[in-house]
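A.B. asks: what would the 3D arrangement of this be:
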Amino acid sequence: MMGLVRGQMEEEMVPFTLMVIMEGCTIGLTILTKTAMNGGMSPFVFIAYTNALGSILLLPYSFFFHHRGIEQPLFTLPLMLRFFFLGLTGVAISQNLAFFGLYYSSPIVVCVMGLLMPAISFLLSVITRTTKLDWRSSSIRVKVIGTLISIMGAIFVQVYKGPFIRKAASDDKLEAKINPPLLIFYSTPDRWVLGSTLLAASSLSVCVWNIIQVGTIKQYPQVMKVVSFYSLAGTIQCSIFSLIMERNIDAWKLKLNMELLLIIITAIFGSVIRSTVHASCAEMKGHLYVPMFKPFGIVFATAFGSTFFTNSLHYGSVIGAVITGMGYYTVTWGNIREDELLRKGHNSKDAADDQKVPLLQEDSQV
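C.D. replies: From the prediction side, this is the model:
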């Protein structure tokens, strides 16, 4: 009995702990990236090298991950087109917008605009008429309310910064001018509204990517192979774009410094570790389990920004983040409610069909 209870606790705690760690590591890497870009690293070079290394690692790993799976034709024209558009929306467009948005804002704004994804996905489904606005449905009403709350939170972050949570003393300001800080959370001058807009556009691109990805996984269920091939397509697109935008040869020369280490860590974490953890947790706990942890990034960003940095985190950003997080969970709850209703509907329909179908006819259909 004790062994059964212990096994159930481990089954719950292991994915929970892993997902929390993933969000903390993501915020930590975001702060490191912000620091490197403020130090002069070209975002175009960073995106190109990170995705190139990630694709090199991910391609063989995906075949090892699915080595026991059923082989399906991979190099078909419909799948290749899907890989192209997945790479375009999920890598090339979204990452370039996200990194420039980070450059003009701060890690907590990255978190806030990332929390708009369920609301944007809902709006896209309404616009494309895949979701009908049936006001009699409780899940639809919840998602509409959550979408409005999310948008209000995002607007609040854009229009109101407020005072710093932790102000620097005059001696600290003088010390910062003489000895620049090792890490940077927020820098001036900023372009807050522009950065927020770019990050919101990045979230829109990711939502389009998610729509394409759902259809792709239905056609080809081996998730890691899909990830590896659209990452490769996105790497090629990013490389072409980066070579056009960054023509300074010196910017492409890598040195044994923090920038190289950051590229390696980001590639390994983003392409292999995080993808594997997300895929495994989604398989264990369901497709809505992984998104539930995204607001944890706000907690980490607030903790890091208020503990380790001065003149970096604004009250307005935290308040807006909390509002957007409430909207995020409201829309997610609407999605969970909708899934439960659909599941109940399918079960009741199957039970009714079993009662209606004669035994001999049922046997003849097997």
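
A.B. asks: break down this structure into its strands, ranges please.
C.D. replies: Under the criterion DSSP state E, strands are not mapped anywhere in the chain.

A.B. asks: what about it, any weak spots by pLDDT?
C.D. replies: Residue ranges of the chain with pLDDT under 70: 1-9, 67, 69-71, 168-182, 345-366.

A.B. asks: so how many other residues sit close to residue 80?
C.D. replies: Neighbour count for residue 80, taken as other C-beta atoms under 10 Å: 12. C-beta coordinates here come from the backbone N, C-alpha and C atoms, glycine included.

A.B. asks: whoops, I mixed them up, residue 90
C.D. replies: Residues contacting residue 90 under the criterion other C-beta under 10 Å number 22.

A.B. asks: with residue 183 instead?
C.D. replies: Residue 183 is flanked by 15 other residues according to other C-beta under 10 Å.

A.B. asks: what separation is there between the nearest residue to it once chain neighbours are set aside and residue 185?
C.D. replies: Distances taken as C-beta to C-beta, 6 or more residues apart in numbering place residue 35 nearest to residue 183, at 5.0 Å, with adjacent residues excluded. As defined by C-beta to C-beta, to the nearest Å, residue 35 lies at a distance of 8 Å from residue 185.

A.B. asks: do the same with residue 110
C.D. replies: In terms of C-beta to C-beta, residue 110 sits 11 Å off from residue 185.

A.B. asks: between these two, who's got more neighbours?
C.D. replies: Neighbour count, other C-beta under 10 Å: between residue 110 and residue 185, residue 110 has more, with 26 against 22.

A.B. asks: surely that one meets residue 103?
C.D. replies: No - the criterion here is C-beta atoms under 8 Å, and residue 110 misses it with residue 103 at 10.6 Å.

A.B. asks: quick check: longest helix in the chain by residues?
C.D. replies: Secondary structure of the chain read by DSSP state H shows that its longest helix is helix 315-356.

A.B. asks: check the offset of that one from the chain's centre.
C.D. replies: Taking C-alpha atoms, centre = their mean, to the nearest Å, one finds the center of helix 315-356 at 19 Å from the center of the full chain.

A.B. asks: which ones are touching the most centrally placed residue in the chain?
C.D. replies: The residue lying closest to the centre of the chain (C-alpha atoms, centre = their mean) is residue 114, at 6.7 Å. Each residue near residue 114 by C-beta atoms under 8 Å, 6 or more residues apart in numbering is listed here: 199, 203, 294, 297.

A.B. asks: same check, this time on residue 233
C.D. replies: Contacts of residue 233 by C-beta under 8 Å, 6+ apart are 83-84, 86-88, 91.

A.B. asks: without its sequence neighbours, what residue ends up closest to it?
C.D. replies: Of all residues not flanking residue 233 in the chain, residue 87 sits nearest, at 3.2 Å (C-beta to C-beta, 6+ apart).

A.B. asks: name the residues of stretch 251-265 that come out as buried.
C.D. replies: 259, 262-263, 265 (16 or more other C-beta atoms under 10 Å).

A.B. asks: how about stretch 306-313?
C.D. replies: 306, 309-313.

A.B. asks: how long is that stretch end to end?
C.D. replies: Stretch 306-313 has an end-to-end distance of 6 Å (criterion: C-alpha to C-alpha, to the nearest Å).

A.B. asks: and stretch 288-297, how far from the chain's centre?
C.D. replies: That offset, for stretch 288-297, works out to 9 Å (C-alpha atoms, centre = their mean).

A.B. asks: hmm, back to that, so the residue nearest to the centre of the chain versus residue 301, what's the distance?
C.D. replies: 11 Å.

A.B. asks: go on, residue 41?
C.D. replies: 21 Å.

A.B. asks: between the two, tell me which one has more neighbours.
C.D. replies: Legend: neighbour count by other C-beta under 10 Å for residue 41 and residue 301, higher for residue 301 (29 against 18).

A.B. asks: so who does the closest residue to that one other than its chain neighbours touch?
C.D. replies: Of all residues not flanking residue 301 in the chain, residue 108 sits nearest, at 4.2 Å (C-beta to C-beta, 6+ apart). Going by C-beta under 8 Å, 6+ apart, residue 108 touches 298, 301-302, 305, 313, 317-318, 321.

A.B. asks: equivalent analysis for residue 282, please.
C.D. replies: 289-290.

A.B. asks: farthest pair in the buried residues of stretch 306-313?
C.D. replies: Greatest spacing in the buried residues of stretch 306-313, by C-beta to C-beta: 306 and 311 (11.3 Å).

A.B. asks: spit out the residues that contact those two alike.
C.D. replies: Here residue 306 and residue 311 have residue 166 as joint contacts, going by C-beta under 8 Å, 6+ apart.

A.B. asks: thinking again about what came up before, mind giving me the packing neighbours of the longest helix of the chain?
C.D. replies: helix 107-114, helix 117-127, helix 138-159, helix 296-308 (3 or more C-beta pairs under 8 Å, 6 or more residues apart in numbering; DSSP states H and E).
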